[in-house]
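Novice: Have a look at this fold, sequence not included:
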């Protein structure tokens with residue numbers, strides 16, 4: 001079967017989200033678009049029954065009898081099922097059930113290159129978040145189609161505290177005041193959540209070649225090197241916040257150490273004013289959170305401390321110049 005060229009490829013990575021993943025899949029299927037889009041769902045060998053939940057969703061909502069479209073494949077690494085939605089004929093699912101957990105073992109991207117490389121735009125949404133606006137993809141794609149100097153769009157979202165079932169608002173007031181954002185804004189504040197992103201596939205090529213792809217902020221950094229970003233003042237999705245998740249269980253010091261390591265790698269790979277600020281700020285955070293901890297738990301070099309006075313002086317000088 002020849003896989004058609006899709007306007008958007010939605011990438012959804014999920015692991016042990018059996019309680020939430022139906023909402024994620026529903027958000028994909030309700031999209032009303034004038035173009036075909038494919039949702040690539042990768043279950044990383046979940047142990048909570050999520051693969052069964054996703055497989056049941058496929059059987060209930062997708063046409064698995066159309067042999068001209070349906071594709072099934074099995075390798076040593078995964079089982080693939082590809083099909084089109086029964087009612088929303090623009091919606092296709094490519095579901096990969098991984099046979100073993102790939103975390104820190106093997107990249108997943110090579111499995112899905114047949115869809116990512118044939119799509120003009122990429123969208124992201126993990127298996128515990130979900131979309132609520134039926135025109136989300138259409139709005140974001142229409143904007144990018146009309147504005148060549150923009151490479152990514154995002155939007156507002158609601159926040160759901162899973163443990164306490166408490167709803168909150170996002171913290172994107174900065175973006176709404178400045179709907180356009182640039183490469184130079186990136187280090188000051190994390191732009192948004194991944195569930196809101198739609199970006200040009202072509203703008204992500206440098207990121208795809210980057211060897212250390214561990215944070216979403218790194219993706220946004222590389223995208224904003226290619227052009228502008230735009231934020232819609234529309235709430236079009238829900239971000240689930242859980243304090244029992246994998247990242248939460250690691251704790252703030254460990255997450256800070258990971259962030260520092262990622263920004264240091266980025267700075268050494270691509271030295272410029274922005275990556276330097278990202279790197280130094282993460283170092284300051286690391287020193288703060290590691291106060292009182294064992295030295296063996298903190299993996300940065302003494303050379304990093306040499307640069308700290310320089311950073312403080314240069315930042316002070318920059319602030320003085322801005323005031324003049």
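Specialist: Noted; the coordinates are in hand. Given the structure is predicted, the values throughout are model-derived calculations rather than measurements.
Novice: okay, CA-based contacts and neighbour counts for the rest of this
Specialist: Noted.
Novice: and the gap between the residue nearest to residue 224 when sequence neighbours are not counted and residue 10?
Specialist: Using Cα to Cα, 6 or more residues apart in numbering and skipping the chain neighbours, the partner closest in space to residue 224 is residue 183 (4.8 Å). Per Cα to Cα, to the nearest Å, residue 183 is found 24 Å from residue 10.
Novice: Between these two, which has more neighbouring residues?
Specialist: Between residue 183 and residue 10, counted using other Cα atoms under 10 Å, the more crowded position is residue 10 (28 against 17).
Novice: The helix or strand encompassing the more buried one packs against which elements?
Specialist: According to DSSP states H and E, residue 10 maps onto strand 8-14. Strand 8-14 is packed against strand 37-43, strand 121-124, with contacts defined by 3 or more Cα pairs under 8 Å, 6 or more residues apart in numbering; DSSP states H and E.
Novice: Dump these into CSV; add mean neighbour count and distance to residue 85 as well.
Specialist: What follows is the helices and strands packed on strand 8-14, written out as CSV (neighbours: other Cα atoms under 10 Å; distance: least, Cα to Cα, whole Å):
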stretch, mean neighbour count, distance to residue 85
strand 37-43, 25, 10
strand 121-124, 24, 18
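Novice: now these as TSV including mean pLDDT and distance to residue 114?
Specialist: Output for the helices and strands packed on strand 8-14, formatted as TSV (pLDDT from 0 to 100; distance: least, Cα to Cα, whole Å):
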stretch	mean pLDDT	distance to residue 114
strand 37-43	98	11
strand 121-124	98	13
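Novice: which regions of the stretch 51-200 of the chain sit below the pLDDT cut-off?
Specialist: For the stretch 51-200 of the chain, applying pLDDT under 70 flags the ranges 172-178, 185-191.
Novice: which residue ranges form the helices in the stretch 101-250 of the chain?
Specialist: For the stretch 101-250 of the chain, the helices defined by DSSP state H, counting those that start in this stretch occupy 113-116, 136-146, 173-177, 205-209, 216-224, 246-250.
Novice: Please convert those to TSV, extending it with mean neighbour count and distance to residue 44.
Specialist: Listed next are the helices of the stretch 101-250 of the chain as TSV, based on neighbours: other Cα under 10 Å; distance: least, Cα to Cα, whole Å:
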stretch	mean neighbour count	distance to residue 44
helix 113-116	17	17
helix 136-146	17	25
helix 173-177	14	33
helix 205-209	13	20
helix 216-224	20	18
helix 246-250	12	14
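Novice: Let's have the helices and strands packed on strand 8-14 in TSV, adding distance to residue 132.
Specialist: Below are the helices and strands packed on strand 8-14 laid out as TSV (distance: least, Cα to Cα, whole Å):
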stretch	distance to residue 132
strand 37-43	16
strand 121-124	14
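Novice: mind checking which of those is nearest residue 211?
Specialist: Of all the helices and strands packed on strand 8-14, strand 121-124 sits nearest to residue 211, with 19.7 Å by Cα to Cα.
Novice: Hmm, residue 225 and the residue nearest to residue 224 touching each other?
Specialist: Yes - Residue 183 is in contact with residue 225 according to Cα atoms under 8 Å; the separation is 5.7 Å.
Novice: quick revisit: format the helices of the stretch 101-250 of the chain as TSV; extra columns: distance to residue 58.
Specialist: As requested, the helices of the stretch 101-250 of the chain are exported to TSV (distance: least, Cα to Cα, whole Å):
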stretch	distance to residue 58
helix 113-116	19
helix 136-146	21
helix 173-177	37
helix 205-209	29
helix 216-224	28
helix 246-250	27
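Novice: nearest to residue 48, of those helices?
Specialist: helix 246-250 (14.2 Å).
Novice: With adjacent residues omitted, what lies nearest to residue 76?
Specialist: Nearest to residue 76 is residue 99, by Cα to Cα, 6+ apart, at 7.4 Å.
Novice: give me the number of residues near that neighbour?
Specialist: For residue 99, using other Cα under 10 Å, the count is 16.
Novice: what separates it from residue 79, distance-wise?
Specialist: With Cα to Cα as the criterion, residue 99 and residue 79 are 7 Å apart.
Novice: cool, residue 85 as well?
Specialist: 19 Å.
Novice: out of those two, which sits in the busier spot?
Specialist: residue 85 (17 against 14).
Novice: how near is the nearest residue to the more buried one once chain neighbours are set aside to residue 132?
Specialist: Using Cα to Cα, 6+ apart and skipping the chain neighbours, the partner closest in space to residue 85 is residue 62 (4.2 Å). Distance, residue 62 to residue 132, using Cα to Cα: 20 Å.
Novice: what about the two, which has more around it?
Specialist: Neighbour tally, residue 62 and residue 132, criterion other Cα under 10 Å: the higher count belongs to residue 62, 22 against 19.
Novice: looking at it, that one is touching residue 81, isn't it?
Specialist: No - the criterion here is Cα under 8 Å, and residue 62 misses it with residue 81 at 10.6 Å.
Novice: how about the strands in the stretch 201-324 of the chain?
Specialist: With DSSP state E, counting those that start in this stretch, the ranges of strands along the stretch 201-324 of the chain come out as 228-241.
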